[in-house]
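A.B. asks: Structure of the sequence below:
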Amino acid sequence: MERWERDLATRDTNRKVLPFDWGTDWLHSIGFPGIPAHTNGDSADWMERFVSEALADSDRFFAYEPVRDYRLSQGELTFTSAVRSRYPENNTVRALWFPTPKDRGRALIVLPQWNSGPDGHVGLAKLLNRFGISALRMTMAYHAERRPAETARADYHCSANVGRTIHASRQSVIDVRACIDWLEQQGYQRIGVLGTSLGSCVAFIAAAHDTRLRAGIFNHVSMYFSDVVWTGLSTKYVRDSFAGNVSQDELRRYWSLISPASYLDRMHGRELRSLLVWASHDSTFLPVYSRQVLEHFREKKLPHEVFHLPCGHYTTGQFPFNLMDGLAMCRFAARHL
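C.D. replies: The predicted model follows:
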């Protein structure tokens, strides 16, 4: 299993080591909390201040202006992201719409994994239809059609640029919330979110900040965004760029703003039902970090179910594990939406 996992994880040949950058200019563009355009050598201090203030008022950090230009054409929903980046391609959100006439007002927003292509999780969306659930498969920031021409991968969503990674995750979370708005406009009241890998992290933060979501399916889980990047087999080239600039503990603090661990307490008192999926041979979301999530959900007595896969991260996409995973997620959605 480990050899199979490694072979799948290392088959891509277009990975590019990008230089370390604090990326405070990306946080300055958000406008909250205040951070200067030029930090004059104090980037670490400003980053700490930004993270502290944003965590103290995360509702405001993940707030957004309503979208007013939704367009559905030939099964694709497009709209202008409420968060603007420097790349026009990335500022148009794209989502494939898979309705089913028997959904009984149930819909699930689906977020594929990091570096997923335009067809990512289309098969899962169609499988959800067979369980009587409509699916809106959203492309996250910098992925597929939203990827800038200068990049070969979705590196701008997760890289050694600390601030840009925060900005990208915030954009994807807010795009999910805009998708919830659209589904409500279509008359849907029983809405959930399903995310895989990076999509799982984005889905969790969206669920923590939007009480309209009734079910959350988190396919591969970890407490901290940075721990996955620091220890994962598929992100070793990203970690290498941090060497000599920040430690694992420091990065965990900076990226706590885009980590599930920071928002677990927001799940208390909610009707939200969660499915936590983890794999015992995962080379990216290491099992030690997945078990931390399971333990915290149990300790906090948050409503949840657990599904264990006897495979790894990349092998989850291979038969029979992809079928096992897909059926478990669809059955959970059918029960709790």
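
A.B. asks: Next one: residue 328 from residue 39, what distance?
C.D. replies: Using Cβ to Cβ, to the nearest Å, we find residue 328 at a distance of 46 Å from residue 39. (Glycine included, C-beta is placed from N, CA and C.)

A.B. asks: what do you get for residue 55?
C.D. replies: Residue 55 sits 19 Å away from residue 39, going by Cβ to Cβ.

A.B. asks: between those two, which one's more packed in?
C.D. replies: The neighbour count for residue 55 versus residue 39, taken as other Cβ atoms under 10 Å, is higher for residue 39 (17 against 13).

A.B. asks: Can you pull out the residues in contact with the worst-scoring helix or strand of the chain on mean pLDDT?
C.D. replies: Taking mean pLDDT, DSSP states H and E as the measure, the chain has helix 2-9 as its least confident helix or strand, at a mean of 85. By Cβ atoms under 8 Å, 6 or more residues apart in numbering, the residues outside helix 2-9 that reach it are 233-234, 281, 283-284, 311-315, 317-318.

A.B. asks: so what secondary structure elements neighbour the longest helix anywhere in the chain?
C.D. replies: Longest helix in the chain, counting residues (DSSP state H): helix 162-185. Contacts defined by 3 or more Cβ pairs under 8 Å, 6 or more residues apart in numbering; DSSP states H and E place helix 162-185 against helix 24-30, strand 76-80, strand 92-98, strand 106-111, strand 134-138, strand 190-196, helix 198-209, helix 248-254.

A.B. asks: Kindly report which one of these carries the lowest mean pLDDT.
C.D. replies: Out of these, helix 24-30 stands lowest, with a mean of 91 (criterion: mean pLDDT).

A.B. asks: Now do it: which elements does it pack against?
C.D. replies: By 3+ Cβ pairs under 8 Å, 6+ apart, helix 24-30 packs against helix 43-56, helix 162-185.

A.B. asks: List the contacts of the nearest residue to residue 148 once chain neighbours are set aside.
C.D. replies: In this structure, residue 148 finds its nearest non-sequential neighbour in residue 87, 4.4 Å apart by Cβ to Cβ, 6 or more residues apart in numbering. Residue 87 is in contact with 142, 148, 156, counting by Cβ under 8 Å, 6+ apart.

A.B. asks: Of those residues - the most surrounded one?
C.D. replies: Of these, with other Cβ under 10 Å as the count, residue 142 tops at 26 neighbours.

A.B. asks: tell me the SS of it?
C.D. replies: Under DSSP: H, G, I helix; E, B strand; the rest coil, residue 142 falls in the coil class.
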